[in-house]
Each structure stands twice: as structure tokens, then as C-alpha cells.
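# just coords:
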């Protein structure tokens, strides 16, 4: 047994990365947490106490996150306001800085939500937070509609969604809307996605996984999608197809 243990130790000689599930919940997922924690680890260890420089290859070697996973994490972290980027030097190199004040705000929201559940507050999805700086606040409606097909078309659900979950969903939908050349206003697509979430009965982690599954299906079906953006460019708009796939996956998961 000891010889097998020594072989294992010899093969696991690289430095382990501490992983905090709380950060994955707050920052939107595992990729975001790993990327954030690696930047946090190196912060203050160089000549600049705030900004650090990391190449994509270095980050992939240290975390195993590939290019797409790193880009997804960076996009999410920037939209949450916890990460800043700046190109410096010649040739220009990407530097990163963590906005610790914003991190503490998100952690406090998570801690407060957890304390409310412990203290016996209602466990429904609740918040009066805004979807984003340029969107309308989420508020309780008198509409009693519960059918998914109605909710997905823009009728806001009676349940309210915590700010942290809203931000996470908006981050994903914003990225997909850009990738799939969404013809609808971003606020409409975010509202539609959050309505589907509210009606789905899924946890936020399960819902985000389904969002990414719908993206993968849409990418594979790209060649058969004929809807164009309507701007004369001839490019395809795939967001409507993505929503159809999303609704189908949710119905299967429910």
C-alpha cells in the first residue's frame, strides 16, 4: 500500500488549487471561481500590489481551463464587476486586478440570503434588485400565470429572484445573445430566460447547466438554421432556436 501511495504522490507533484464552493455560487460557476481564485492567489506577489500578468497558456497549465472556459470566466467576472483588465507594455500584455469591494458585496448578499433561510424567512426566489443598470427592476406582479409557455413570452412571474441569481443568468444570456446575434432587445431575452427559470423548479446551478447545454445543441445545429439577422449582412440569428432548445431541455429536466 505504501508503494502505491508514493507513486500517487510522485504523480501529483503539482501545486493543488484551493476551491471554495461559495465563490462558485457567488461568481456564477466553477470556471469563474477557479479563474478568480488563481488571480487572487497571485495578486500582491509581484512588483505591482494590485495588477498581475498571466498568459492564457499559464492559466491553462495552472487551472486546466481552456481558451473558451477562460474567456467565459473573464466575461462573467467582468460583468459582475469583480475583475478589471488592462493591456500594458510593448508588446501589450493583459493584466488583471480584482475589485475586492465588489467581491465583498456579493459575498454579503450570499451570506444574508443564507441567514434569512436559517432564520425562517420564505425560501422563494426574492429580490427587488435590478437586472442591470439599464433594465427595469424585478417586482412582484399580480399575475397568477404559472404555465411555462406564458411565462416564456414575457409575463413576469409572481416569484422574485435573488440579485445574485439574476446577475448570473443575465451574464450567460448576454454572452449567448452576442454569440447568436439576438434580434430581440437584451432586456427582453434576459426577462424571458429568468421567467423560464422561475417556472422551471430547477436550482440556479442546474439552470445554468441547461443554458450551456442549449448552447452546445445550437452550435451543432448551426448549419441548418436559416433565420437571418435582418440587417442585410446575411448572417444568421440563432437566439430563437436557442430558446426553443432551452425550453425543450427544461421540460425534460422538470
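Good, I have the coordinates. Only a predicted model underlies this, so the values are computations on that prediction, with no experimental measurement involved.
# mind checking the SS state of residue 189?
Under DSSP: H, G, I helix; E, B strand; the rest coil, residue 189 falls in the helix class.
# ok, now how distant is it from residue 165?
16 Å (CB to CB, to the nearest Å). Using the backbone N, CA and C atoms, a C-beta is placed for each residue, glycine as well.
# now swap in residue 176 and tell me
17 Å.
# same deal with residue 53?
Counting by CB to CB, the gap from residue 53 to residue 165 is 33 Å.
# Check residue 240 too.
For residue 240 relative to residue 165 (CB to CB), the value is 24 Å.
# These two: who's more crowded?
residue 165 (23 against 16; other CB atoms under 10 Å).
# Quick check: nearest residue in space to that one, chain neighbours excluded?
Distance criterion CB to CB, 6 or more residues apart in numbering; nearest residue to residue 165, sequence neighbours excluded, is residue 204 at 4.6 Å.
# Give the burial count for that neighbour, as a bare number.
Neighbour tally, residue 204, other CB under 10 Å: 19.
# correct me, but it touches residue 167?
No. Under the criterion of CB atoms under 8 Å, residue 204 is not in contact with residue 167, lying 10.5 Å apart.
# And whichever helix or strand residue 26 is part of, how far out from the chain middle?
Following DSSP states H and E, the helix or strand that holds residue 26 is helix 21-27. Distance, stretch centre to chain centre, for helix 21-27: 11 Å (CA atoms, centre = their mean, to the nearest Å).
# other SSEs contacting it?
helix 30-42, helix 67-80, helix 100-118 (3 or more CB pairs under 8 Å, 6 or more residues apart in numbering; DSSP states H and E).
# Switch the ones you listed over to TSV; also include mean neighbour count and mean pLDDT.
Shown next, in TSV, are those (neighbours: other CB atoms under 10 Å; pLDDT from 0 to 100):
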stretch	mean neighbour count	mean pLDDT
helix 30-42	20	88
helix 67-80	19	88
helix 100-118	14	73
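# How about the contacts made by the closest residue to residue 41 other than its chain neighbours?
Counting by CB to CB, 6+ apart, the nearest residue to residue 41 once its immediate chain neighbours are dropped is residue 17, at 7.8 Å. By CB atoms under 8 Å, 6 or more residues apart in numbering, the contact list for residue 17 reads 34, 37-38, 41, 62-63.
# Kindly report the same for residue 250.
Contacts of residue 250 by CB under 8 Å, 6+ apart are 148, 196, 200, 202, 207, 210.
# from the contacts of residue 17, which is closest to residue 253?
Relative to residue 253, the closest of the contacts of residue 17 is residue 34; by CB to CB it sits at 25.4 Å.
# OK, contacts around that closest one?
By CB under 8 Å, 6+ apart, the residues touching residue 34 are 17, 19, 63, 65, 73.
# which one of these is nearest residue 172?
For the contacts of residue 34, the nearest to residue 172 is residue 73 (12.0 Å; CB to CB).
# Nearest residue to the closest one in space, please, no chain neighbours.
Closest to residue 73 by CB to CB, 6+ apart is residue 35, at 3.8 Å.
# what about the helices in the stretch 51-200 of the chain?
For the stretch 51-200 of the chain, helices defined by DSSP state H, counting those that start in this stretch occupy the ranges 56-63, 67-80, 100-118, 148-151, 163-179, 186-200.
# Once you drop chain neighbours, what's closest to residue 174?
In this structure, residue 174 finds its nearest non-sequential neighbour in residue 186, 6.3 Å apart by CB to CB, 6+ apart.
# Verify the stated contact: the one you found with residue 178.
No. Applying CB under 8 Å, one finds residue 186 not in contact with residue 178, separated by 9.0 Å.
# The two: which is more packed in?
Between residue 186 and residue 178, counted using other CB under 10 Å, residue 186 has the larger neighbour count: 17 against 12.
# show me what contacts that one?
173-174, 177.
# Closest one of the residues you listed to residue 27?
Nearest to residue 27 among those, counting by CB to CB, is residue 174 at 15.4 Å.
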